[in-house]
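Novice: Okay, predicted coordinates and the sequence, questions at the end:
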Amino acid sequence: MTELKTAWKNIVAGALEAYARERGVEAGPDLVSAIVIERPPKAELGDLGFPMFPFAKLLRSAPAQVAAALASKIAADPAAGARGQARAEGPYLNVSLARPGICGATIAAATSPGWGSFGFLAGKKVMIEFSSPNTNKPLHLGHLRNNALGESISRILSAAGAEVRKVNHINDRGVHICKSMLAYQRYGEGRLPADEGLKSDHFVGKYYVMFNKLKEEDPRAEEAAQGLLRRWEAGESEVIELWKRMNGWAIEGIKATYERTDVCFDLYDFESDTYELGRAEVLKGLAAGVFYKEEDGSIWVDLEDAGLDKKVLLRKDGTSLYITQDIGTAIFRHGDWPYDRLIYVVANEQQYHFKVLFEVLKRLGFEWAAELHHLAYGLVNLPSGRMKTREGTVVDADDLMDEISALAAKEIEEKGREGAVGDMAGVAEKIALGALHYYLLQTGPMKDMLYDTEASLSFTGDTGPYIQYMGARASSILRKHEAGEGNAVKGRVRFELLCGDADWNLVKRIAEFPETLEASAKAMEPSLLAGYLHDLAVDFSAWYRDNPVLNNSDADLSASRVELVRAVRATLQAGTRLVCMPFLESM
RNA sequence: GCGCCCGUAGCUCAGCUGGAUAGAGCGACGGACUUCGAAUCCGUAGGUCGCAGGUUCGAUUCCUGUCGGACGCACCA
């Protein structure tokens, strides 16, 4: 489709230049660069549309006249004729593509193994950091959005040909970790997660919440937490022992949630291993004159000429800060695995932090700093407002999955499909994941989104399960065909039979998959693909109603449509995977 | 105060580099299951695209201002 578009752009450019010569106007490069391709609002108007407004002034003729003139020029060009037909539609030049060739090529491509893998990012190494949980509590809905974005973008970029390395930066040190440790020391009495019947990360999270109780009982609890951190930094074996034990629980539980939601990482790095990496780099930068030292010994960078502020990079006592760690980690990672691009999937509250970080790395002279990217995303809010740990309004990831999964199971039961589905719990889980991930990815990342339990747990309409359902329907047709049902087995595939408007519309949609994937990869925007999948599902659903596949009296048409269904299924299969939705043969 | 993001139908959201009557879903109302799965489909109602200027042949899209909301401006992470 992309090649077709550029081919047509060239044809239009040629005709435009010829027309300009006739009018005695010089066709400069800006004339050709003003050509835009759009999709006509109605299928009857053609497949491609070229608005002629920009040329009216230059060519000193009305847009409609230009369109008519170009249409007749193109009609006289046999090379163009092989690719389709152009006609004037008021001020627009609309093109109807030559259908048979495109049908054959599209369906052949879509039913071949490589569908959904492209090469325009081949040779690029992309590192992506996402999730990055704290080890003091379990994952919540906000993490699920982060995970879905990170995992989806990783899949999209690999599908685009890049070599992707997914990194999870575990925040396993700091006062907040010490708080849960302190509360456990006080109230835990040596119990294990199993003793309380809790998933291990929930067990740790419970003690983190209990720190609030501790604070009420002991006004010096905050100080005690700071003290515990100092003892941790001093490496006291008793503290380290407890820290290891509790982190182990937290991470074990968090990993179980990753597995359940089909998210995985190539590399885990731990803040406890990397938090001191940046200090040496800052000192190097000081020596190089990029940074400066205050009288009290703290080290700063002045970014005011870049529209940012001054920023401390090293405390007066020489210890590192959040940003120091990030400086060190980025440099270390590039040395370890020289990436072409590093993407941080982190909430948009931290946009300023990343601006500063990237600017600092640029000033340190790293040419790769230009390829650092903060993928910022908005919060997930509740109708009652922001989720708050203290108020207990945090939507826990595991609980949410349980809830959606139970609802899906109920739905299967109500529809009486337990038998057809087989593994009911497994299928319910996949539907839940499809619903959740589609919900989280259909919205553009920058927008805060509202999570309304009642409204959001729906399986009808513009939802993940709707798309999964269309996949299941397509699969069902193909299953029946494989089993020898229907007329297709007696027919011969002839792609020219799929040139009617209804089939063509669906073929065209399938042909858009590669360009959607490319746009999605370039913009790092899963929502484009999510929207595309919904469009495809809608087109398929309408087509499905009006166009018999297996029980078509024309055996050749039947056989050809089976191939079209195969292409739809392949596209849904490849596409849903990219937005982290399980594909279901049956549901 | 400065910075950044958002503001489209009652609600939740789409709307690609500016382009042909602004799209879905939910909710409301009315239809369609003896044919490939009704988690579906079709139809009706519902919008001064926050507001005001500007650029342009043309602005929901770009610019400026303004109002409203969120977030950020720690020797916390």
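Specialist: Nice, thanks for sending it over.
Novice: Strands along the stretch 301-450 of chain A, start to end?
Specialist: A:310-314, A:341-347, A:372-377, A:380-381, A:449-450 (DSSP state E, counting those that start in this stretch).
Novice: Restrict the longest one to CA atoms and write it as CSV.
Specialist: Listed next in CSV are the C-alpha coordinates belonging to strand A:341-347 (Å, rounded to 0.1, in the frame of the first residue of the first chain):
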residue,chain,number,x,y,z
ARG,A,341,18.0,4.5,21.2
LEU,A,342,17.0,4.2,24.9
ILE,A,343,13.3,4.6,25.8
TYR,A,344,12.2,5.2,29.3
VAL,A,345,8.5,4.4,30.0
VAL,A,346,7.8,6.5,33.0
ALA,A,347,4.8,8.5,34.1
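Novice: And the residue of the stretch 101-250 of chain A found nearest RNA strand B, what's its pLDDT?
Specialist: Relative to RNA strand B, the nearest point of the stretch 101-250 of chain A is A:Gly174 (4.5 Å; Cβ to the nearest atom of the strand). All C-beta spots, glycine's among them, are computed from the backbone N, C-alpha and C. Model confidence at A:Gly174, expressed as pLDDT, equals 92.
Novice: And A:Leu4, by the same measure?
Specialist: 87.
Novice: Kindly report the same for the one 3 residues further on.
Specialist: On the pLDDT scale, A:Ala7 is placed at 91.
Novice: count of neighbours near it?
Specialist: 14 (other Cβ atoms under 10 Å).
Novice: How about A:Ala409?
Specialist: 19.
Novice: Quick check: closest non-adjacent residue to it.
Specialist: Leaving out its chain neighbours, the residue that sits closest to A:Ala409 by Cβ to Cβ, 6 or more residues apart in numbering is A:Ala428, at 3.9 Å.
Novice: correct me, but the one you found touches A:Ile412?
Specialist: Yes - between A:Ala428 and A:Ile412 a contact is recorded at 6.2 Å, counting by Cβ atoms under 8 Å.
Novice: okay, the two: which has more neighbours?
Specialist: Counted by other Cβ under 10 Å, A:Ala428 and A:Ile412 do not tie: A:Ala428 has more neighbours, with 22 against 19.
Novice: quick one: buried residues of stretch A:329-343?
Specialist: A:Thr329, A:Ala330, A:Ile331, A:Arg333, A:His334, A:Tyr339, A:Arg341, A:Leu342, A:Ile343 (16 or more other Cβ atoms under 10 Å).
Novice: Could you chop chain A up by domain?
Specialist: A:2-97, A:397-578 (automatic domain parsing).
Novice: Go through the helix or strand hosting A:Ile128 and flag the buried ones.
Specialist: Using DSSP states H and E, A:Ile128 sits in strand A:125-129. Residues of strand A:125-129 classed as buried: A:Val126, A:Met127, A:Ile128, A:Glu129 (neighbour count, 16+ other Cβ under 10 Å).
Novice: How about chain A: which residue is closest to RNA strand B?
Specialist: Closest point on chain A to RNA strand B, by Cβ to the nearest atom of the strand, is A:Gly461, at 2.2 Å.
Novice: Could you look up the SS state of that residue?
Specialist: Recorded secondary structure, A:Gly461: coil (DSSP: H, G, I helix; E, B strand; the rest coil).
Novice: Could you pull up phi and psi at it?
Specialist: phi 80, psi -140 (degrees, to the nearest 10).
Novice: now A:Cys264
Specialist: phi -150, psi 170.
Novice: Contacts only, for the closest residue to it other than its chain neighbours.
Specialist: Leaving aside its sequence neighbours, A:Cys264 sits nearest to A:Tyr258 (Cβ to Cβ, 6+ apart; 6.3 Å). Listed by Cβ atoms under 8 Å, 6 or more residues apart in numbering, the contact set of A:Tyr258 reads A:Ser131, A:Asn147, A:Cys264, A:Phe265.
Novice: Work out for me the element A:Tyr258 sits within.
Specialist: Per DSSP H and E, the secondary structure element for A:Tyr258 is helix A:237-260.
Novice: After that helix, heading C-terminal, what element do we hit next?
Specialist: According to DSSP H and E, the helix or strand after helix A:237-260 is strand A:267-270.
Novice: Give the rounded mean pLDDT of whichever helix or strand comes after that next one.
Specialist: Once the chain leaves strand A:267-270, the next helix or strand it forms, by DSSP H and E, is helix A:271-274. Averaging pLDDT along helix A:271-274 yields 92.
Novice: what does helix A:271-274 rub up against?
Specialist: Against helix A:271-274 from outside (Cβ under 8 Å, 6+ apart): A:His169, A:Ile170, A:Asn171, A:Asp172, A:Arg173, A:Gly174, A:Gln325, A:Gly328, A:Thr329, A:Phe332.
Novice: Farthest-apart pair in those residues, please.
Specialist: Distance extremes for these: the farthest pair is A:Gly174 and A:Phe332 at 19.4 Å, using Cβ to Cβ.
Novice: quick one: low-confidence parts of the stretch 451-587 of chain A?
Specialist: Across the stretch 451-587 of chain A, nothing is flagged by pLDDT under 70.
Novice: again with chain A
Specialist: For chain A, no range has pLDDT under 70.
Novice: quick one on the thing from earlier: now do the same contact list for the residue of the stretch 101-250 of chain A closest to RNA strand B.
Specialist: A:Asn134, A:Leu229, A:Glu271.
Novice: And the last one, how close does it get to A:Ser112?
Specialist: Look at A:Glu271 and A:Ser112: by Cβ to Cβ, to the nearest Å, they are 45 Å apart.
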